[in-house]
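> only geometry, no sequence info:
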């Protein structure tokens, strides 16, 4: 079964690169340029995986979006992959504390992202 994946990044070039890395997987891909739009789309499509930039402008950065996903019952099943330019250990710990399942830093190799997504989706528990 193909997964629904929501790509959230304020930079269009990064969203395109993520889409490029995943386009041959056959998954259904959605995009959002900010946290508020990401939550609107997530509520509508109930994604299996959210690939989320940690630093975005506005009131809803990646940490707040991850927290909201994990505390909203109908969205809490979604896996969260934090994809960020923040490389400090404290940033990784903040992402994991907010509910991220995995953490990948930019720049990233598209093949590595594709493989990580494959592994994450294969290891997820079935949704009840």
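In hand now; what should we look at? In this text the structure is predicted, and so the values were computed from the model without any measurement.

> what's the helix or strand for residue 80?
Using DSSP states H and E, residue 80 sits in strand 79-84.

> Contacts made by that strand with the rest, please.
For strand 79-84, contacts defined as C-beta atoms under 8 Å, 6 or more residues apart in numbering pick out 9, 14, 18, 48-55, 62, 66, 69-70, 91, 95, 99-106, 108, 113, 116-117, 120-121, 124. Heads up, the C-betas are built off the backbone N, CA and C, glycines and all.

> quick one: average confidence on it?
What strand 79-84 shows for mean pLDDT is 95.

> Neighbouring strands of it in the sheet, and parallel or not?
Looking at strand 79-84 with DSSP bridges, its partner strands are strand 49-52 (parallel), strand 102-105 (parallel).

> want to try TSV for those strands, with mean neighbour count as columns?
Below are the strands paired with strand 79-84 laid out as TSV (neighbours: other C-beta atoms under 10 Å):
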stretch	mean neighbour count
strand 49-52	27
strand 102-105	17
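
> among the ones you listed, where is the model least confident on average?
strand 102-105 (a mean of 92).

> Assess the claim that residue 92 and residue 104 are in contact.
No - applying C-beta atoms under 8 Å, one finds residue 92 not in contact with residue 104, separated by 10.0 Å.
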